[in-house]
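K.L.:
I'll drop the sequence and a predicted model, then ask my questions.
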Amino acid sequence: MSLPTPPTVAWLEWGPDAFSRAQAEGKPMLLSISASWCHGCAVMDTVSYGDRRVAALIAADLVPVRVDADRRPDVNARYNLDGWPTTVLLTPSGEMLSGTTYLPPDGLLSMLDEVTRAYQSGRTALDQRADAVAAARRARPRALPLAVDPDLSAPDWLADLIVREVDAEYGGFGADGKFLHIAALTAGVRHHARTPTPGLGDALVRTLDALAGGGIRDGIDGGFFRYVASREWMRPHTEKMLEDQAGMIRLFLEAGPVFDRPDWIEVALETIAFVHQTLADSAEGRFFASQAADEDFYRLPSAALRRTSTPPRVDRTLFTDWTAQAASVWIAAGDRLGDTALSELGGRALDRAVVASYRPGEGLAHWVDGRAGVRGLLTDQVYAARALLDVHDATANPTWSMMAEELMRTAVRTLWDERAGGFFDRPATGPDALGMLADPLKPLAANCVAATVLARLARLTGDTDLQQRALDTLRGQTTGYRAQGLFGAPYVLAVLEMFGE
């Protein structure tokens, strides 16, 4: 006798329908933020959301919403609770009631039951409190930091921070686990190339050697994992992201000549080969988003054994910002290595992404996968504009720079903060500007890239307004970047590019 199939969760997309249903039914919303590459997300889907008791409670008492973190970075930026999967209970207006990351079935059932009972018995008070919190958050004053100049000491600050925080024994940063820290290391290499500093140089060499030889790099198939869970560069979380591969290729290509390390150039070449094999279609001229985590596959100790196993799934979605970042790196790599095929692939992939996702007056969509989704995010406009300028610099074809200017002028029109300068990450209005998506958010990295793009466009066009906006955008990040520690490095990269000479 076969057992009955357990019920599944009928997930809704983030949007007006889900919020309207929650309001009409007087139920909390269950927001699950997942990712196609995330092993823990897949486990929770199977084990926790596949539990009959959990699915039944959700169907009866909640409005479930599923968001892919890569496809909706705007939702992820506001609701993520420091990891994937993120599990959040919301009021029908989108304010947080409770939340955490991964939960096994019993823990998830307990949290859902506790919150739904509390909401059923005290909905009016909880809704009023949520509305008051949202109103206070949105009433915070913003002022243009006219008296704040760009911090030209930022490269020295980052160099000192790298020297202080580097793991003197194993390289990298952190005692319990280590990330790639691409922006910080790239900024450190560029600063050291201009102002050689022994302490900084030693920290960079130790860390890049650890990245090249440790468990965060796949020594068989190539490519870099996102994270390792130990100080000794062991126990990798085995997802591989296009964005990370592009950043690591640029880092090792730049660092190799600075430190006279041809073996680091080989690391970059092997990573390029991995991307071509797994995360790109050179014939079509496109890059893919990611390859999922699979610890069992990566435990296989040889290429021969791996060839007998099914490789981890590849998310073939075209993400505009990640494609643009890869395109910039492939163009630079082609120039550094004298390989025109690399530059041509970068240009074709960028052209494909822009053509597939652009809509006049509305900018670029964030992803394309049969259809185009969520349009007008800052990240797509600025990274694509930067890559378009890179192609212009390589070809002297004004068509590319004209498109870059169009994207940035669209961003100024739709995302510029008239009160405080700089760019919001997404339009504050629109059918899906619900819950905390209606709150202004000015991300450090995207604004720093925007500042450099505006400055490049100002030099090309002679437009003083673009130059002023470039300075105002960077000023808007000056007072906060140091509080982010190594993650404040995008500001340093912008300072080096705009003022380094």
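P.N.:
That came in fine, so what should we check first? Numbers count the residues shown, from 1 in each chain.
K.L.:
chain center to the top helix by length along the chain: distance?
P.N.:
In the chain, assigned by DSSP state H, the helix with the most residues is helix 105-138. Chain-centre distance of helix 105-138: 29 Å, with C-alpha atoms, centre = their mean, to the nearest Å.
K.L.:
for stretch 275-286, same thing?
P.N.:
Distance, stretch centre to chain centre, for stretch 275-286: 21 Å (C-alpha atoms, centre = their mean).
K.L.:
report the buried residues of that stretch.
P.N.:
For stretch 275-286, the neighbour count (16 or more other C-beta atoms under 10 Å) marks Val275, His276, Thr278, Leu279, Ala280, Ser282, Gly285, Arg286 as buried. For the C-beta atoms, the positions are set from N, CA and C on the backbone; glycine is no exception.
K.L.:
can I get the residues you listed in a markdown table with distance to Arg348, pLDDT and secondary structure?
P.N.:
Output for those, formatted as a markdown table (distance: C-beta to C-beta, whole Å; pLDDT from 0 to 100; DSSP: H, G, I helix; E, B strand; the rest coil):
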| residue | distance to Arg348 | pLDDT | secondary structure |
| --- | --- | --- | --- |
| Val275 | 14 | 98 | helix |
| His276 | 13 | 98 | helix |
| Thr278 | 18 | 98 | helix |
| Leu279 | 15 | 98 | coil |
| Ala280 | 11 | 98 | strand |
| Ser282 | 9 | 93 | coil |
| Gly285 | 3 | 96 | coil |
| Arg286 | 8 | 97 | strand |
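K.L.:
for the stretch 301-450 of the chain, which segments are assigned as strands?
P.N.:
Applying DSSP state E, counting those that start in this stretch to the stretch 301-450 of the chain gives strands spanning 314-315, 318-319, 358-359, 363-368, 372-375.
K.L.:
make TSV out of those strands and add mean neighbour count and distance to Arg53.
P.N.:
Formatted as TSV, the strands of the stretch 301-450 of the chain follow (neighbours: other C-beta atoms under 10 Å; distance: least, C-beta to C-beta, whole Å):
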stretch	mean neighbour count	distance to Arg53
strand 314-315	18	31
strand 318-319	26	36
strand 358-359	16	45
strand 363-368	25	35
strand 372-375	18	33
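K.L.:
how about those strands, which one is nearest Ala203?
P.N.:
For the strands of the stretch 301-450 of the chain, distance to Ala203 was read as C-beta to C-beta. The smallest value, 32.2 Å, belongs to strand 318-319.
K.L.:
strand partners (parallel or antiparallel) of the closest one?
P.N.:
strand 363-368 (antiparallel) (DSSP bridges).
K.L.:
hmm, who's touching the partner strand?
P.N.:
70-71, 73, 317-321, 353-354, 356-359, 372-377, 379-381, 384, 407, 410-411, 414 (C-beta atoms under 8 Å, 6 or more residues apart in numbering).
K.L.:
just the buried ones out of those residues, please.
P.N.:
Applying 16+ other C-beta under 10 Å to those flags 70-71, 73, 317-321, 353-354, 356-358, 372-377, 379-381, 384, 407, 410-411, 414 as buried.
K.L.:
which of those fall in helices?
P.N.:
Among the buried ones among the contacts of strand 363-368, the ones falling in helices (DSSP H) are 73, 320-321, 353-354, 356-357, 379-381, 384, 407, 410-411, 414.
K.L.:
give me the angle between the strand or helix carrying Thr46 and helix 105-138.
P.N.:
Taking DSSP states H and E as the definition, one finds Thr46 inside helix 39-47. Taking axes from the mean of the first three to the mean of the last three C-alpha atoms, to 10 degrees, one finds helix 39-47 and helix 105-138 inclined to each other by 120 degrees.
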